[in-house]
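In: what follows is a predicted structure for the sequence shown.
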Amino acid sequence: MHSYAIKLSAGIEARGFLFGPSIALAIGAKFVPLCKPRKLPGKVISEDYELEYGTDCLEMHIDAVKPGELAVVIDDLVATGGTLSAAIKLLECRGAEVVECACVIGLPDVKGQSRLNGKPLYMLVEPREMEHGCSDV
Ligand SMILES: O=P(O)(O)OC[C@H]1O[C@H](OP(=O)(O)OP(=O)(O)O)[C@H](O)[C@@H]1O
Ligand SMILES: Nc1ncnc2[nH]cnc12
């Protein structure tokens, strides 16, 4: 990940909060939490999205980003990409530019990347399905 111009690391509740703040500290950026509904205390914007098993919603403080700021979105896992896609919409709605999404795990079969409108997606591990139901990296 190129760090020099990135101004914010946005982490998705809940497990994106494990990695997003450390990445923000490492690259000298601010951390922006993207939360499940009714968790943030200030004025928020919301984005509904679809998962494999239903729908959900993410919220962000309206004053969390300044127009033109470069951003990365951090989460633990990408499956359908619906969550990352909602995060990108929230950030770009307020004028940030998402340059990359990064996850620890990328599930291979659900093509999460296709929902990210061409945004680069970094996945640390991509488990492969094995014959007897176990998985391997
Ligand atoms: O690529 P997607 O299909 O959008 O799925 C990925 C999301 O699913 C999981 O969270 P979940 O929504 O289960 O919420 P949780 O933090 O409450 O476990 C995971 O932590 C991602 O945020
Ligand atoms: N298929 C999946 N397996 C594990 N965690 C998930 N989170 C969202 N989709 C998931």
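Out: Thanks, I have the structure now. In this text the structure is predicted, and so the values were computed from the model without any measurement. Numbering: from 1, shown residues only. Ligands and ions are numbered 1, 2, ... in the order given.

In: show me what contacts the residue lying closest to His61 once chain neighbours are set aside?
Out: Once flanking residues are discounted, His61 sits nearest to Gly42: 4.8 Å by Cβ to Cβ, 6 or more residues apart in numbering. Every C-beta, even on glycine, is put in place using the N, C-alpha and C of the backbone. Contacts for Gly42 (Cβ atoms under 8 Å, 6 or more residues apart in numbering) come out as His61, Ile62, Asp63.

In: now Val99
Out: The contact partners of Val99, taken as Cβ under 8 Å, 6+ apart, are His2, Ile6, Leu70, Ala71, Val72, Lys119, Pro120.

In: in which helix or strand does it reside?
Out: strand 97-106 (DSSP states H and E).

In: tell me the helix or strand right after that strand.
Out: Immediately after strand 97-106, counting by DSSP H and E, sits strand 121-125.

In: hmm, that following strand touching ligand 2?
Out: No - shown here: strand 121-125 not in contact with ligand 2 (Cβ under 6 Å from any ligand atom), separated by at least 13.0 Å.

In: report the angle between that strand and strand 97-106.
Out: 20 degrees (axes from the mean of the first three to the mean of the last three Cα atoms, to 10 degrees).

In: could you shift the numbering so residue one becomes 45, and keep it that way?
Out: That works, and once the first residue is 45, the last one we named lands at strand 165-169.
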